[in-house]
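Undergrad: predicted structure and sequence below. I'll ask about it afterward.
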Amino acid sequence: MRKIQKILLGIFLGGVLLGGIGTGVALVEYSSLAYAGERRLGEENLITQNMDYVFIPEEEEVLIIDSYWGEEDCRIESDEEVPEGTIRYEITYNEKAVKPRLNFWETEEAEEESDQITMEEQQKRRKTFLQLHVRYINSDFATLMTCKDEILRELKNKRIFTYDMAYVTKLRIKVNPETMPFVHKE
């Protein structure tokens with residue numbers, strides 16, 4: 001029985017020693033890597049597309065809901081080239097990673113004319129909420145497999161990058177100046 005305990009103790013200590021050596025080698029290899037910055041993946045698949053929402057300004061008021069890209073991306077710009085009654089989303093995105101679409105829903109509210117006091121003279125104006133929605137269509141594993149050769153090549157050169165996927169890279173919301181009073185941010 002004593003002999004088995006000595007053998008098991010020897011195997012355990014050998015495993016600890018080999019594990020320690022392996023950990024040391026891994027740490028030395030990792031510490032020799034140089035951080036080389038950021039790489040953006042998918043820029044070769046970027047396309048720019050115009051998505052229009054058309055409405056009748058006298059009958060409808062449009063409230064634009066912020067997207068998750070932040071305040072600066074959801075500014076409404078005046079552009080005379082956009083037809084009246086049209087809200088144009090100009091979006092640059094990775095066509096292999098995302099699919100954008102415009103979502104809208106309506107409510108109906110009674111608004112009193114500003115220059116008339118009587119309740120009989122009310123105008124019904126629909127309120128439409130408009131939001132850009134992006135559906136992800138790629139797989140992180142597929143992205144990893146696409147880039148594996150580059151990642152391994154850089155590791156052999158003792159460099160490591162932070163990889164970032166390009167999804168939506170640019171968004172502009174354009175409205176004709178004549179239509180601008182009927183478009184608001186929510």
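TA: Here it is on my side, so go on.
Undergrad: the helix or strand of the chain with the lowest mean pLDDT: what's the following helix or strand?
TA: For the chain, the helix or strand with the lowest mean confidence is strand 98-112, at a mean of 77 (criterion: mean pLDDT, DSSP states H and E). Using DSSP states H and E, the helix or strand that follows strand 98-112 in sequence is strand 122-136.
Undergrad: quick one: buried residues of that next one?
TA: Arg125, Lys127, Thr128, Leu130, Gln131, Leu132, Val134 (16 or more other Cβ atoms under 10 Å). Every residue, glycine included, has its C-beta placed from N, CA and C.
Undergrad: also stretch 11-29?
TA: Buried-residue list, stretch 11-29, by 16+ other Cβ under 10 Å: empty.
Undergrad: then that stretch to PDB, C-alphas only?
TA: Extracted in PDB, the C-alpha atoms of stretch 11-29 (Å, rounded to 0.1, in the frame of the first residue of the first chain):
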ATOM      1  CA  ILE A  11       2.700  11.400 -10.400                       C
ATOM      2  CA  PHE A  12       1.000  14.300  -8.700                       C
ATOM      3  CA  LEU A  13       4.300  16.200  -8.100                       C
ATOM      4  CA  GLY A  14       5.400  15.500 -11.700                       C
ATOM      5  CA  GLY A  15       2.100  16.900 -12.900                       C
ATOM      6  CA  VAL A  16       2.500  20.000 -10.800                       C
ATOM      7  CA  LEU A  17       6.100  20.400 -12.100                       C
ATOM      8  CA  LEU A  18       5.100  20.000 -15.700                       C
ATOM      9  CA  GLY A  19       2.100  22.300 -15.300                       C
ATOM     10  CA  GLY A  20       4.300  24.900 -13.700                       C
ATOM     11  CA  ILE A  21       6.800  24.700 -16.600                       C
ATOM     12  CA  GLY A  22       4.000  24.900 -19.100                       C
ATOM     13  CA  THR A  23       2.500  27.900 -17.400                       C
ATOM     14  CA  GLY A  24       5.900  29.600 -17.300                       C
ATOM     15  CA  VAL A  25       6.500  29.000 -21.000                       C
ATOM     16  CA  ALA A  26       3.000  30.300 -21.800                       C
ATOM     17  CA  LEU A  27       3.600  33.500 -19.800                       C
ATOM     18  CA  VAL A  28       7.000  34.000 -21.500                       C
ATOM     19  CA  GLU A  29       5.400  33.600 -24.900                       C
END
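Undergrad: how far does that stretch sit from the chain's center?
TA: Stretch 11-29 has its C-alpha centroid displaced from the chain centroid by 42 Å (Cα atoms, centre = their mean, to the nearest Å).
Undergrad: thank you, goodbye.
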